[in-house]
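K.L.:
Sequence below, structure please.
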Amino acid sequence: MKKIQLNIALYILTAAFLFTGCGKKTNDEHTNEAQTEEAHNHDEEATGVKEVELNEAQFKAADIELGTYSMKNLSEVINANGYTKLPPQNQADVSVHMTGIVTAIKVIEGEEVKKGQVLAVLESPEFARLQEAYLTSKNNLQFLELEYERQKILSEENVNSKKVFQRTKSDYEIEKAKFNSLDKQLSMLNLSKSSVNSIMAITAPISGHVTEINITLGANAEVGKPLLTIVDNSKLHVDLLVYEKDLYKIKPGQNVRFVLTNQSNTEITGKIFNIGKSFENDTKSVAVHADIVNKEEKLIAGMYVNALIDVGEIEVQALPNDAIIKADGREYIFVLEEEHHHDEQEGHSHDDGHNHDDKDIHNDDAAEGHSHDDGHEHDEEGEMYHFQRIEVKTGTSQLGYTQVTVLQKIDDHAKIVLKGAYYIQSHLIKSDGGGGHHH
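P.N.:
Next comes the predicted model:
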């Protein structure tokens, strides 16, 4: 009996010893794994390099766009604000010199018109009386001209007195002046000189587009008040306000790039043709005038613009603003790793030095609650896209592009994420938050 009790005690001591040893070994293994993972994470944090893997469906859903640097003149430019403007000779208010009733309106707002085209029709008895006076004066002038010539000959031959000749000459000159005055009035009013009627046509003084119509049918057109307004946007230019400290850098002939702030940041180009000689409205800025090169843009006067005046020829490497993300107080870009991309297509290799065919080891792992899912994703559906996050230093940022300098070596032909970088970054944050290193 005592022998049996002694054997039981020995078995208990042996089992306790073995359990303690295994537990220590397991704790040591977990400690080593934690230290390795912590060192790996610390190394990533120090360099800022992290890796993200997307499958084909995620890549397409994010609408990711790949490309490389663009060469932009961002270093030697002057920022200026301004607005589009029309010269006064390319805008016209249509008015009348005599009152009349509007009987017809031939155009609508926004319609394109040509110089001399009829815009509206007025009616007034004054127009008829003016034409009547013109035709009467014309006939009188013809009679007095003949009488003047006859009296001149008689005077030279001393047939009649000088007094008669002088009176005839005076009547002729008075009628001639009256006729010339009526002729100019009819021309100015665009009235007929061959017949009498009470109709006057209002014509366009310039070619362009009708922007305002201030009359209605039956209204009385008053002298001096604009009836219609026409603008010709073909001579549109830009007035930029440049401050005193930058004025000495500006010269005629320099190229200008404009961005229409209220038109989806549409970029147009131009060239400086004149520089103002006085400050604008008690400010320390001077108006710089620039022609617009690409006239196909649908521009109108008064549009607000942001502009960059190129004063240098130095070009720098730049990326779209959407390609650069900020995290942890630093700035990064994402680069597609071609080698990893090809590896994914060939398949993963699980030969990492461990025997995965050992059923006892798998059974032990299952008994201890370990899962083969260690936080690493092994999605092999379709192509896989492996991106590396690279820290960069940014410089000048203008017109949607930013100067970029990478802080570590990348391939000259590396494919950089130009669009969709924030989606990849959010995927990286999600993966890090899930407790696994995302490959």
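
K.L.:
Run through the stretch 151-300 of the chain and note the low-pLDDT ranges.
P.N.:
Applying pLDDT under 70 to the stretch 151-300 of the chain flags the ranges 261-265, 294-297.

K.L.:
got the residue ranges for the strands in it?
P.N.:
199-203, 208-213, 220-221, 228-231, 237-243, 255-260, 266-279, 285-292 (DSSP state E, counting those that start in this stretch).

K.L.:
any chance of these in a markdown table, plus distance to Lys152 and mean neighbour count?
P.N.:
Any C-beta I mention is one placed from the backbone N, CA and C, and that applies to glycine too. A markdown table is the format used below for those (distance: least, C-beta to C-beta, whole Å; neighbours: other C-beta atoms under 10 Å):
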| stretch | distance to Lys152 | mean neighbour count |
| --- | --- | --- |
| strand 199-203 | 40 | 19 |
| strand 208-213 | 52 | 17 |
| strand 220-221 | 47 | 16 |
| strand 228-231 | 51 | 21 |
| strand 237-243 | 60 | 21 |
| strand 255-260 | 69 | 20 |
| strand 266-279 | 58 | 15 |
| strand 285-292 | 60 | 20 |
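
K.L.:
Can you say which of the ones you listed is nearest to Ala301?
P.N.:
Ranking those by distance to Ala301, with C-beta to C-beta as the measure, places strand 228-231 first at 6.8 Å.

K.L.:
same for the closest one, what does it pack against?
P.N.:
Judged by 3 or more C-beta pairs under 8 Å, 6 or more residues apart in numbering; DSSP states H and E, strand 228-231 is in contact with strand 91-94, strand 208-213.

K.L.:
So what's the residue count around Glu112?
P.N.:
By the measure other C-beta atoms under 10 Å, the count of residues near Glu112 is 11.

K.L.:
do the same with the one 4 residues further on
P.N.:
Burial of Gly116 is recorded as 12 neighbouring residues (other C-beta under 10 Å).

K.L.:
thinking again about what came up before, the helices and strands packed on strand 228-231 into a markdown table, with extra columns for distance to His289?
P.N.:
Shown next, in a markdown table, are the helices and strands packed on strand 228-231 (distance: least, C-beta to C-beta, whole Å):
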| stretch | distance to His289 |
| --- | --- |
| strand 91-94 | 16 |
| strand 208-213 | 20 |
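
K.L.:
pull the CA atoms of stretch 269-281 into CSV?
P.N.:
Coordinates of each C-alpha in stretch 269-281 appear next as CSV, following Å, rounded to 0.1, in the frame of the first residue of the first chain:
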residue,chain,number,x,y,z
THR,A,269,-2.7,80.5,-70.3
GLY,A,270,-1.8,84.0,-71.3
LYS,A,271,1.0,86.5,-71.8
ILE,A,272,1.7,89.9,-70.2
PHE,A,273,1.3,92.8,-72.7
ASN,A,274,1.3,95.9,-70.4
ILE,A,275,2.1,97.0,-66.9
GLY,A,276,0.2,99.7,-65.1
LYS,A,277,2.0,102.9,-64.0
SER,A,278,0.0,103.7,-60.9
PHE,A,279,-1.3,102.0,-57.8
GLU,A,280,-4.8,100.7,-57.8
ASN,A,281,-7.4,102.2,-55.5
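
K.L.:
Tell me which residues are up against it.
P.N.:
Residues outside stretch 269-281 that contact it (C-beta atoms under 8 Å, 6 or more residues apart in numbering) are 237-238, 241, 244, 247, 250-258, 285-294, 309.

K.L.:
a markdown table for the strands of the stretch 151-300 of the chain, including distance to Ser170?
P.N.:
Converted to a markdown table, those look like this (distance: least, C-beta to C-beta, whole Å):
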| stretch | distance to Ser170 |
| --- | --- |
| strand 199-203 | 34 |
| strand 208-213 | 48 |
| strand 220-221 | 39 |
| strand 228-231 | 45 |
| strand 237-243 | 55 |
| strand 255-260 | 65 |
| strand 266-279 | 54 |
| strand 285-292 | 56 |
